[in-house]
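In: structure, please.
(2 chains)
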Amino acid sequence: MSVVLLDPSAEGVPDFVPIADRLKELAGKRIGLLDNIKHNAEYLLAAVGTRLEELGCEVKAVRKKTYTKIAEPPVLAALEDCDAVVTAIGD
Amino acid sequence: MAVATRHTLTSTDDPIQYCYDRGWTDGLPVVPPTEDRVAAMLEGTALPRDRVIAKIPPAWAEATVEKIAINCVMAGCLPSYLPVVLAAVRAMTDPALNLNGMQCSTHLSTPLVVVNGPIRTALGMNSGSNVFGQGNRANATIGRAVKLILTNIGRAIPGVTDKATLGHPGKYTYCIAENEEQSPWDPLHVERGLKREQSAVTIFGCEAPHNINNQASRNAFDLCHTIADTMATLGKNMFYAQGEVMVVFCPSHAETIAADGWSKLHVKEYLYEKARKPVRLVKLGGLYGREVARNFWPRWVNRTDEDEMVPLVRRPSEITLVVAGGPGRHSAFLPGWATPSVTVPID
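Out: This is a model prediction of the structure:
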């Protein structure tokens, strides 16, 4: 008689969340900068923002209240009208 | 998701190897979760097998009673341990604990299970010598079941979604029982409003225990000074993110302190006052940055005074005290991640 094992793992959720489509061009796009308030994130994002503006983007900067938690609903809402978002920083 | 998928093995499949191949283990062999074994495990609860207890991050997948029971089988639990694991799942998914952040952090903290009340003795749990160590089936397998649930249901995969730089041995199993019989103080669950005759689980996300060796002190001041000095070290999240810490007192240390008339609150107040570091040292590293001084330290800390002493936590109540262990003069400090512990009764 065959052995049957019960699955102990996550079911009913996707294995991977697919990455968002990448922008084909940047000029004229609105790009969100999501600062997770980790050390040096603001400096890195400021440099990225400057470069994006040079490329013709409109930059919209927002910040989380804490880096350990998922961004608060008002923060996510503020990014809804963006074409893409850059976030920083991992450790 | 009503029931777990059934996997039918071929006659040549080794069930233990099959579990390895599916990525269901912690690196050690597991007990294959067959229908009979899971059915026997479910005898440990009156809850229906499809009841959803919580969603486990970062996958946010449903932890049904059945899924939890499957992982309990794999960990080596007896059915009588299941209610403890169910309570642990409820406690660790309390939003206050921020399990999602803890599971994915580069920091090495992981949930510690502390068991209180009559169920400790009913299950034969170890609250004495070598309490954090090996050798007791209930301690070992309850703790291991919790970890398998975090990786299997929560999908905190080492190096993929669990980004811990180092991890620590408590990620295999991390479960103790409080030594209530040898404690001079109220046990943890009573301190938190439950009755002594109730059983309870407390979950605390923390680092590995750091030993505090003090064989000489014979009064509360000297002994607590040693403990405070061990606690106040740079490199802890606490000085930057605050949160909660735990001290596990061996019975002998607790007895010495209580003999001087100190209550738990006295101990907490002392440690809160003494476990500090000056601003000039805290600024050297750790997580120090613009947000730390502004948002996390208590308002009364003068950020511009280099000699101002920064407390390890924001208030004495964020120092949790537990009595555990056997004979000897060793206690332990367990630095937290950044979030509070959560206590729930065991149904």
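In: and the longest helix for chain A?
Out: As assigned by DSSP state H, the longest helix anywhere in chain A is helix A:41-54.
In: chain center to it, what's the gap?
Out: Mean-position distance between helix A:41-54 and its chain equals 15 Å (CA atoms, centre = their mean, to the nearest Å).
In: other residues contacting that helix?
Out: Outside of helix A:41-54, the residues within contact range by CB atoms under 8 Å, 6 or more residues apart in numbering or on different chains are A:26, A:31, A:33, A:35, A:59, A:61, A:86, A:88-89, B:290. Just so you know, the C-beta spots here come from the backbone N, C-alpha and C atoms, and that holds for glycine as well.
In: the residues you listed, buried ones only, as a ChimeraX selection?
Out: Here is the ChimeraX command that picks out the buried ones among the contacts of helix A:41-54, judged by 16 or more other CB atoms under 10 Å in any protein chain shown:
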select /A:31,33,35,59,86,88,89
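In: will you turn the contacts of helix A:41-54 into TSV that also has pLDDT?
Out: Shown next, in TSV, are the contacts of helix A:41-54 (pLDDT from 0 to 100):
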residue	pLDDT
A:Leu26	95
A:Ile31	97
A:Leu33	97
A:Asp35	94
A:Val59	97
A:Ala61	95
A:Val86	95
A:Ala88	92
A:Ile89	86
B:Arg290	68
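In: between the contacts of helix A:41-54, which sits nearest B:Leu148?
Out: Using CB to CB, A:Ile89 comes nearest to B:Leu148 of those, at 32.0 Å.
In: now A:Ile89: how far from B:Leu166?
Out: Per CB to CB, to the nearest Å, A:Ile89 is found 20 Å from B:Leu166.
In: tell me the strands in chain A, going along the chain?
Out: A:4-6, A:30-35, A:58-63, A:84-88 (DSSP state E).
In: B:Val313 is nearest to which of those strands?
Out: strand A:58-63 (25.0 Å).
In: that closest one vs chain B: in contact?
Out: No - Strand A:58-63 lies out of reach of chain B by CB under 8 Å from any CB of the partner chain, never closer than 9.3 Å.
In: quick one, that strand and strand A:30-35 angle?
Out: On the basis of axes from the mean of the first three to the mean of the last three CA atoms, to 10 degrees, strand A:58-63 is oriented at 20 degrees to strand A:30-35.
In: what about the residue lying closest to A:Thr66 once chain neighbours are set aside, neighbour count?
Out: Spatial nearest neighbour of A:Thr66, excluding adjacent residues (CB to CB, 6 or more residues apart in numbering or on different chains): A:Ile37 at 7.0 Å. Using other CB atoms under 10 Å in any protein chain shown, A:Ile37 has 19 neighbouring residues.
In: so which residues of the stretch 101-250 of chain B form strands?
Out: For the stretch 101-250 of chain B, applying DSSP state E, counting those that start in this stretch gives strands covering B:110-116, B:175-177, B:200-206, B:210-213, B:245-249.
In: tabulate those strands (CSV), appending mean pLDDT, mean neighbour count and distance to B:Asn302.
Out: Shown next, in CSV, are these (pLDDT from 0 to 100; neighbours: other CB atoms under 10 Å in any protein chain shown; distance: least, CB to CB, whole Å):
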stretch, mean pLDDT, mean neighbour count, distance to B:Asn302
strand B:110-116, 98, 27, 34
strand B:175-177, 98, 27, 39
strand B:200-206, 98, 27, 30
strand B:210-213, 97, 14, 29
strand B:245-249, 98, 25, 23
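In: all good on my end, thank you.
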